[in-house]
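Peer 1: take a look and give me a structure for this.
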Amino acid sequence: MVIKIGDKVECIEQHDGKSCIVGKFGTVVVKRAGSKWGVEFKEDIGGHSLGRVCEHGYGWDIPEYKLKKKSKRQVINKGGKLVFLE
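Peer 2: Numbers count the residues shown, from 1 in each chain. Here you go, the predicted model:
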């Protein structure tokens, strides 16, 4: 998997005891040392600001293997019709 800044990702495993991030979606906003990425979540997860890159409480550093890149296009069935979401 190739992750880059700006990608939408889902956290698929807890990290540093932070189980509330599992299943949450966020945006990669900064590259960290090694294979870690700074992810900004859409809600306060009790995290930090990723060095003032995002609002305090919304960021967390997560290893790449605990992230799943969100596909560019999602398809959902809404009342029998397929709806494409970007």
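
Peer 1: right, and Cys11 touches Gly23 too?
Peer 2: Yes. The pair Cys11 / Gly23 is scored as a contact, 7.1 Å apart, by CB atoms under 8 Å. Every residue, glycine included, has its C-beta placed from N, CA and C.

Peer 1: those two: which is more packed in?
Peer 2: A direct count of neighbours by other CB atoms under 10 Å for Cys11 and Gly23 places Cys11 higher, at 23 against 9.

Peer 1: bridge partners for the more buried one, pull those for me.
Peer 2: Partner residues in beta bridges with Cys11, using DSSP bridges, are Leu67.

Peer 1: gap between it and Ile3?
Peer 2: When distances are taken as CB to CB, to the nearest Å, Cys11 and Ile3 turn out to be 12 Å apart.

Peer 1: with Arg52 instead?
Peer 2: Between Arg52 and Ile3 the distance is 22 Å, computed by CB to CB.

Peer 1: please say which of the two ends up with more neighbours.
Peer 2: Neighbour tally, Arg52 and Ile3, criterion other CB under 10 Å: the higher count belongs to Ile3, 16 against 9.

Peer 1: distance check, that one against Gly57.
Peer 2: Distance, Ile3 to Gly57, by CB to CB: 23 Å.

Peer 1: equivalent analysis for Glu43, please.
Peer 2: Using CB to CB, Glu43 is found at 9 Å from Gly57.

Peer 1: those two - which one has more neighbours?
Peer 2: Gly57 (14 against 10).

Peer 1: dump the residue contacts of the nearest residue to that one once chain neighbours are set aside.
Peer 2: Counting by CB to CB, 6 or more residues apart in numbering, Gly57 lies nearest to Asp44, which is 4.0 Å off, once chain neighbours are set aside. With contact taken as CB atoms under 8 Å, 6 or more residues apart in numbering, Asp44 is in contact with Glu55, Gly57, Tyr58.
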